[in-house]
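J.: prediction below, plus the sequence it came from.
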Amino acid sequence: MKRIESRLNPASAAFQANAAHNRALVAAFHEQQRLAREQRPQRDIERLRAQGKLLVRERLQLLLDPGTPFLELSPLAANEAYDGEVPGAGCVTGIGIVSGREVVISAGDASVKGGAWYPLTVKKIVRALDIAIENRLPVVHLCDSAGGFLPLQAELFADKQMAGRIFRNQCQLSKLGVPQVAVVLGHCTAGGAYVPALSDYNVIVRGTGAIFLAGPPLVRAATGEENTVDELGGCDMHTSVSSTADYPASSEAEAIAIARDIVAQFRRLPKADIERQAPEPPHYDPAELYGVIPRDIKQQFDIREVIARLVDGSRFHEYQPAYGKTLVCGYAHLWGYRIGILGNNGVLFNEAALKGAHFIELCNQNRTPLLFLQNITGFMVGREYERRGITKDGAKMIMAVSCSEVPKFTVICNGSFGAGNYGMSGRAFDSRFLFGWPQSQISVMGAEQAANTLAEVKIRQLARQGRELGQAEIDAIREPVLADFRRKQSARWSTSELWDDGILDPVDTRNALAIALSAALNAPIGDPRYGVFRM
């Protein structure tokens, strides 16, 4: 493959200004992430210490193999919700190495509201188990939760993707033969009791661990029966009487050591076979990505400059370089794995959509995973393009994306607007993993377009009534829309709502994608098969 020749001058004023702007955004992101991970009220820390409990990240340190990477998923989930009082949505999820096996980890964070499940907590756990199903990854559950947050029960209990989906996903994992181990470190109450009960193996800590459908107060209220926690659902009862739990442990450290030993017994299955070669670093410094991305999201840049700082040796075999130039397609290697890349260099015209659909078919034919690098305002609009069939050609690309069998990965590098989000494998299109960068934005259209559209609709309505609006009145319509759109199209909002699997520092993207690729290959790759392409 030929090395990409960068056309950027890192010493230029524009590059340096971009770099300074993006480094400031990344620094703010890292600080927000640090606070979400570490900042807790002292009273909550003291409460856990008094119970003899470890903090969730101390538990992870004991669980994970020393010196191995941990790809944490959605660490800023719920940070724009619930008045900022549920950092990380009250749980930690991610992919790590335990006893030499890649596993999904779902860990309750009892330092946040006692580990209670909020609606976004449920969404985060469901997403982690979806990842386990899609990629056939074993799961380790570190259970410590106060149960569902009752004031918001209507938002987390009854619907298809709510709390019941956690247990449904556990059952699907078992059906697929994907093992799970639960470590009961605190109370597993009501629905939460099913997490260890549905796991293949579970370990429970004496004195702090408990499993019951109803705790002592509720049992007393419902039946008049008096019980202690240990009598009703403690370690010794469940390991010697009910057999709901398998292994007793006298401490958290012992319980986690037992879990590691259980995972060591999991059978290693062969990974999906794709082309690999010896990995090598990019020729260009990934830190230059800070200078590649412009300060103004409306300013275009060459996506090849991003590719050059992600892939092995900065080498890229470009497919159809002279056709459909607003979509860059081609092959590269990332940490030795061959991948097919689709990256935006502008709005998607007919030719670009057709090129993208064809390239996706090729990658499915030769079993090459796909990486989508999004910086897209959408598909081209207007009479000429509708007459040429832009809707039909866009539908071809969406069909190819939807029916793709090879693993897909998406990084929102800058803008992700309108139907372009769909064509470039947005959240609805089952990318195995989707990440954003700190400055990225996502919405149905840009804030200015939305504000102008709504203002124009209002002006026309009033004109039909014989009224004309002054500029101040027009601004009064536009400004609230602008403010709302800007907030809700930001990367911080997207990741808070779990529209992605986390924000990445651009320099960490290559390594995160490598972990994701390796994890995805635990699942078999099916034969390509598509629906009907409207010709």
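T.: All right, it came through fine.
J.: from now on I want contacts and neighbour counts done on CA atoms only, so please keep to that.
T.: Will do.
J.: pLDDT averaged over stretch 469-483 - what is it?
T.: Averaging pLDDT along stretch 469-483 gives 81.
J.: next: stretch 387-397.
T.: 96.
J.: tell me which residues of that stretch are tucked away?
T.: Buried residues in stretch 387-397, counted by 16 or more other Cα atoms under 10 Å: 390, 391, 392, 393, 394, 395, 396, 397.
J.: how about stretch 286-305?
T.: 286, 288-295, 301-305.
J.: for it, list the C-alpha coordinates in PDB.
T.: Written as PDB, here are the backbone C-alpha positions of stretch 286-305 (Å, rounded to 0.1, in the frame of the first residue of the first chain):
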ATOM      1  CA  PRO A 286      -1.300  10.900  16.000                       C
ATOM      2  CA  ALA A 287      -0.900  14.000  18.200                       C
ATOM      3  CA  GLU A 288      -1.100  16.000  15.000                       C
ATOM      4  CA  LEU A 289      -4.800  15.200  14.800                       C
ATOM      5  CA  TYR A 290      -5.300  18.100  17.100                       C
ATOM      6  CA  GLY A 291      -4.200  20.400  14.300                       C
ATOM      7  CA  VAL A 292      -6.000  18.500  11.600                       C
ATOM      8  CA  ILE A 293      -9.500  19.200  12.900                       C
ATOM      9  CA  PRO A 294     -10.600  22.800  12.300                       C
ATOM     10  CA  ARG A 295     -11.900  25.100  15.000                       C
ATOM     11  CA  ASP A 296     -15.000  25.800  13.000                       C
ATOM     12  CA  ILE A 297     -17.200  22.700  12.400                       C
ATOM     13  CA  LYS A 298     -18.300  24.200   9.100                       C
ATOM     14  CA  GLN A 299     -14.800  24.300   7.700                       C
ATOM     15  CA  GLN A 300     -13.900  21.300   5.500                       C
ATOM     16  CA  PHE A 301     -10.700  19.300   5.900                       C
ATOM     17  CA  ASP A 302      -9.300  16.200   4.100                       C
ATOM     18  CA  ILE A 303     -10.300  13.000   5.900                       C
ATOM     19  CA  ARG A 304      -7.100  11.400   4.500                       C
ATOM     20  CA  GLU A 305      -5.200  13.500   7.000                       C
END
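J.: what about it, distance to the chain center?
T.: Centroid separation for stretch 286-305 versus its chain: 23 Å, with Cα atoms, centre = their mean, to the nearest Å.
J.: contacts for that stretch next, please.
T.: Contacts to stretch 286-305, defined as Cα atoms under 8 Å, 6 or more residues apart in numbering, come from residues 4, 6-8, 10, 15-23, 306, 309-310, 328, 343-346, 373, 414-415, 506-507.
J.: go again with 7 Å.
T.: The contact list for stretch 286-305 (Cα atoms under 7 Å, 6 or more residues apart in numbering) reads 6, 15-16, 18-19, 21-23, 306, 309-310, 343-345, 414-415, 506-507.
J.: picking up where we left off before, for the buried residues of stretch 286-305, give me CSV that also has distance to residue 220.
T.: Converted to CSV, the buried residues of stretch 286-305 look like this (distance: Cα to Cα, whole Å):
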residue, distance to residue 220
286, 61
288, 63
289, 61
290, 60
291, 64
292, 64
293, 61
294, 63
295, 61
301, 66
302, 67
303, 64
304, 66
305, 66
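J.: can I get the residues you listed in TSV including pLDDT?
T.: Converted to TSV, the buried residues of stretch 286-305 look like this (pLDDT from 0 to 100):
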residue	pLDDT
286	98
288	98
289	98
290	98
291	98
292	98
293	98
294	97
295	96
301	97
302	98
303	98
304	98
305	98
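J.: do you know the pLDDT at residue 54?
T.: 97.
J.: nearest residue to it in space, please, no chain neighbours.
T.: residue 48 (7.0 Å; Cα to Cα, 6 or more residues apart in numbering).
J.: do the same with residue 397
T.: Nearest one to residue 397, counting by Cα to Cα, 6+ apart, is residue 357 at 4.4 Å.
J.: in helices, which of the contacts of stretch 286-305 fall?
T.: When those are checked against helices (DSSP state H), the matches are 15, 16, 18, 19, 21, 22, 23, 306.
J.: show me which of the contacts of stretch 286-305 are buried.
T.: Listed as buried from the contacts of stretch 286-305 are 15-16, 18-19, 21-23, 306, 309-310, 343-345, 414-415, 506-507; burial here means 16+ other Cα under 10 Å.
J.: low-scoring stretches of the stretch 151-300 of the chain, by residue?
T.: Nowhere does the stretch 151-300 of the chain drop to pLDDT under 70.
J.: put the alpha carbons of the helix or strand hosting residue 396 into PDB.
T.: Using DSSP states H and E, the element containing residue 396 is helix 390-403. Output in PDB follows, covering the C-alpha atoms of helix 390-403 (Å, rounded to 0.1, in the frame of the first residue of the first chain):
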ATOM      1  CA  ILE A 390     -30.200  11.000  -4.800                       C
ATOM      2  CA  THR A 391     -32.800   9.500  -2.500                       C
ATOM      3  CA  LYS A 392     -32.600   6.200  -4.400                       C
ATOM      4  CA  ASP A 393     -28.800   6.100  -4.400                       C
ATOM      5  CA  GLY A 394     -28.700   7.100  -0.700                       C
ATOM      6  CA  ALA A 395     -31.100   4.200   0.000                       C
ATOM      7  CA  LYS A 396     -28.600   1.900  -1.700                       C
ATOM      8  CA  MET A 397     -25.900   3.000   0.600                       C
ATOM      9  CA  ILE A 398     -28.100   2.600   3.700                       C
ATOM     10  CA  MET A 399     -29.100  -0.900   2.500                       C
ATOM     11  CA  ALA A 400     -25.500  -1.900   2.200                       C
ATOM     12  CA  VAL A 401     -24.700  -0.500   5.600                       C
ATOM     13  CA  SER A 402     -27.700  -2.100   7.200                       C
ATOM     14  CA  CYS A 403     -27.100  -5.600   5.800                       C
END
